[in-house]
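**Student:** Model the structure of this input:
(one chain, ligands or ions: 1)
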Amino acid sequence: MKKFAKDFLWGASSSAFQIEGAWNEAGKGESIADFNSFKHSTEQADTKIASDFYHHYREDIKLMKELGLNVYRFSISWSRIIPDGDGEVNPEGINFYNQVIDCLLENGITPFVTLYHFDLPYALVLKYNGWQDRACVAAFRRYAQICFNAFGDRVKNWQVINEQNLMIRVDERMNMDHVPVKDRERIRAQMDYHMFLANAYAVNDCHAIIPNSQVGPAVSATMTYPISSKPKDVWAAKMNDNFKTNYALEMYCFGRYPGYYLEYLSKLDILPDFEAGDLALLEEAKPDFIAVNYYRTLATRYFPADEKHPLGSRKHDVDFDLVGYFKTEQNPNLKSTEYGAQIDPLGLRMVLNEYYHQFRLPLIITENGLGTGDHLSADGKIHDQYRIAYLRDHIAACYDAIQDGVELVGYCPWSVMDLLSSHQGFKKRYGFIYVNRTDDNLKDMQRIPKDSFYWYQNVIKNNGLTD
Ligand code: BG6
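**Tutor:** Numbering: from 1, shown residues only. Okay, the predicted model is just below:
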């Protein structure tokens, strides 16, 4: 039996643009996600309707209660609250989240709110090219303050930006695919820096506005194996972790870029514009926890500076390679999901140990799960044993990390119900609750608990694993 502490938080996660639908209803403005995250699904489909949580939230929260969740991690859509990002507040947006929060509390579920999950208001993209302009920092700060003031009487737990460290590398999420390649790294560095400032303001404002609040960042965790024991390969693996996640954690926790990162920015002559007072702000803003999103591990080898990459010096995506540093390789020792994620529960134990022992902050897992196609069987059920196996092994890894001394306070797998995958629509599902629709057919949107729903219900009831 692997039993967790009495107050361990068992939850589940989602994000606004992936679950809500109602993308152009009730005064909501468009977000960048309304454009780019859907184009990978079929064009004719009503993908923007997502899981239609906006119209089903009472029924969905009832199911969350039946599942036994004590916390629900979801995001607020910035452009539902402020349709053009920095102008008038939309009362219908405030009202919607008030109802969701109240409904959660009535059902005994603690709301855990992310302010920004990949869905920058599109008006800010048009006006400022989004995060490129420092004005976006002020717009975010105001939006965050509006949320803290509107919901802070009931919401004490906040995440500022979801996976800034991953989002910054996805050109379409940053509107970077329109920028000439030669300018991209400079603009990317400036955008990233502006988001760190936005995070710092939000952390300080949250503490100032909401008594007893807890606020922190959510990072996409990177854990990399060297492809061999050659010292240069080992160094490359370390740098892969550093460039993809650890530099961001250092900024969040200490308010400074680490030396290797500054050196890289200086070498490329792309240091961001800093202003007087920035350093004090960044150093002052202290998160209360680190939220960890973990799906898989990576493997890399050393990438010599004189070796040509077929795609140029930097591939502009999540698993980018960096000449002179690292190049991603397949790890032959792990199995992959049908979408290529290398499944590795022990990697989770290692990541939790590394982050906790380096930053000494409580950790909470806000994403972890298996994305795959699910099938409605003839008996009207979804027999997702593969998901149960994945989650069981990762929960066991959490337990082991806690035995190692890690202060892990909760586990919120991705996702509470089927939702729009960020690249593969409804073909790739993660949920405990099946949503009866496909990319090109809305069907009846019926909610059907999967086998994993009943399995997780038991994990929560038993406060741990029995096998
Ligand atoms: C995380 C994101 O990076 O991964 C989620 O925070 C996303 O929004 C999840 O859905 C899984 O990725 P994908 O591409 O399979 O949806």
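
**Student:** Those residues of the stretch 151-300 of the chain touching the ligand, which are they?
**Tutor:** Asn162, Glu163, Leu166, Ser220, Asn293 (CB under 6 Å from any ligand atom). In short, each C-beta sits where N, CA and C put it, glycine included.

**Student:** Hmm, the second one is touching Asn293, no?
**Tutor:** What it means is Glu163. Yes: taking CB atoms under 8 Å as the definition, Glu163 is a contact partner of Asn293 at 6.1 Å.

**Student:** Please say which of the two ends up with more neighbours.
**Tutor:** Each of Glu163 and Asn293 has its neighbours counted (other CB atoms under 10 Å); Glu163 has more, 26 against 20.

**Student:** residues contacting the more buried one?
**Tutor:** Contact analysis of Glu163 by CB atoms under 8 Å, 6 or more residues apart in numbering lists Phe118, Ala218, Val219, Ser220, Asn293.

**Student:** And it, how close does it get to Thr222?
**Tutor:** Per CB to CB, to the nearest Å, Glu163 is found 11 Å from Thr222.

**Student:** Common neighbours of those two, please.
**Tutor:** By CB under 8 Å, 6+ apart, Glu163 and Thr222 have no common neighbours.

**Student:** that older thread, in JSON lines: the contacts of Glu163, plus pLDDT and secondary structure.
**Tutor:** Formatted as JSON lines, the contacts of Glu163 follow (pLDDT from 0 to 100; DSSP: H, G, I helix; E, B strand; the rest coil):
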{"residue": "Phe118", "pLDDT": "95", "secondary structure": "coil"}
{"residue": "Ala218", "pLDDT": "98", "secondary structure": "strand"}
{"residue": "Val219", "pLDDT": "98", "secondary structure": "strand"}
{"residue": "Ser220", "pLDDT": "98", "secondary structure": "strand"}
{"residue": "Asn293", "pLDDT": "98", "secondary structure": "strand"}
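
**Student:** still on that earlier bit, now do the shared contacts for Glu163 and Asn293.
**Tutor:** When contacts are counted by CB under 8 Å, 6+ apart, Glu163 and Asn293 have Ala218, Val219, Ser220 as shared neighbours.

**Student:** give me the beta-bridge partners of the nearest residue to the first one once chain neighbours are set aside?
**Tutor:** The shortest distance from Ala218 to any residue other than its chain neighbours is 3.8 Å, reached at Ala291 (CB to CB, 6 or more residues apart in numbering). Ala291 has these beta-bridge partners by DSSP bridges: Ala218, Ile364.

**Student:** my guess is Ala291 meets Gln159, correct?
**Tutor:** Yes: with contact defined as CB under 8 Å, Ala291 reaches Gln159; the gap is 5.5 Å.

**Student:** just to revisit the earlier point, return the member of the shared contacts of Glu163 and Asn293 nearest to Asp102.
**Tutor:** Nearest to Asp102 among these: Ala218, at 24.3 Å, using CB to CB.

**Student:** give the contact list for that closest one.
**Tutor:** Thr114, Gln159, Ile161, Asn162, Glu163, Ala291, Val292, Asn293, Thr366, Glu367.

**Student:** So what's the residue count around the third one?
**Tutor:** When counting by other CB under 10 Å, one arrives at 26 neighbours for Ile161.

**Student:** helix/strand/coil for it?
**Tutor:** Look at Ile161: counting by DSSP: H, G, I helix; E, B strand; the rest coil, its state is strand.

**Student:** tally of neighbours for the residue lying closest to it once chain neighbours are set aside?
**Tutor:** Of all residues not flanking Ile161 in the chain, Tyr116 sits nearest, at 4.9 Å (CB to CB, 6+ apart). Using other CB under 10 Å, Tyr116 is surrounded by 27 other residues.

**Student:** For the ligand, give me its nearest residue in the stretch 1-150 of the chain.
**Tutor:** Relative to the ligand, the nearest point of the stretch 1-150 of the chain is Ser15 (5.1 Å; CB to the nearest ligand atom).

**Student:** My guess is that residue contacts Val113. True?
**Tutor:** No: counting by CB under 8 Å, Ser15 does not reach Val113; the two are 10.9 Å apart.

**Student:** out of the two, which sits in the busier spot?
**Tutor:** More crowded of Ser15 and Val113, by other CB under 10 Å: Ser15, with 26 against 23.

**Student:** any idea how far that one lies from Ser415?
**Tutor:** From Ser15 to Ser415 the distance is 8 Å (CB to CB).

**Student:** Ok, Asp52 next?
**Tutor:** Separation of Asp52 from Ser415 (CB to CB): 15 Å.

**Student:** If you count surrounding residues, which of those two has more?
**Tutor:** The neighbour comparison of Asp52 against Ser415 (other CB under 10 Å) goes to Ser415, with 26 against 18.

**Student:** quick one: that one and the ligand, what's the gap?
**Tutor:** 7 Å (CB to the nearest ligand atom, to the nearest Å).

**Student:** Just to check, that residue is in contact with Tyr430?
**Tutor:** Yes: counting by CB under 8 Å, Tyr430 is a contact partner of Ser415 at 4.4 Å.

**Student:** where do the contact lists of the two overlap?
**Tutor:** Shared contacts of Ser415 and Tyr430, defined by CB under 8 Å, 6+ apart, are found at Gly369.

**Student:** show me where the stretch 201-350 of the chain has strands.
**Tutor:** Remark: strands assigned in the stretch 201-350 of the chain by DSSP state E, counting those that start in this stretch are 214-220, 224-226, 290-293, 298-302, 326-329.

**Student:** brain fart, the stretch 1-150 of the chain
**Tutor:** 2-3, 9-13, 71-75, 110-116.

**Student:** Just list what the last one packs against, helices and strands only.
**Tutor:** Right, the one you point to is strand 110-116. strand 71-75, helix 91-106, helix 135-151, strand 157-162 (3 or more CB pairs under 8 Å, 6 or more residues apart in numbering; DSSP states H and E).

**Student:** Mind checking these for the one nearest to Asp177?
**Tutor:** The closest of those to Asp177 is helix 135-151. By CB to CB, the value is 18.2 Å.

**Student:** how far out from the middle of the chain is the closest one?
**Tutor:** 19 Å (CA atoms, centre = their mean, to the nearest Å).

**Student:** go on, stretch 145-165?
**Tutor:** That offset, for stretch 145-165, works out to 14 Å (CA atoms, centre = their mean).

**Student:** Repeat that for stretch 210-225.
**Tutor:** Its chain's C-alpha centre lies 9 Å from the corresponding centre of stretch 210-225 when counted by CA atoms, centre = their mean.

**Student:** May I have the phi/psi pair for the closest residue to Met167 other than its chain neighbours?
**Tutor:** Excluding its sequence neighbours, the residue lying closest to Met167 (CB to CB, 6+ apart) is Arg173, at 5.0 Å. Per-residue torsions, Arg173: phi -80, psi -20 (degrees, to the nearest 10).
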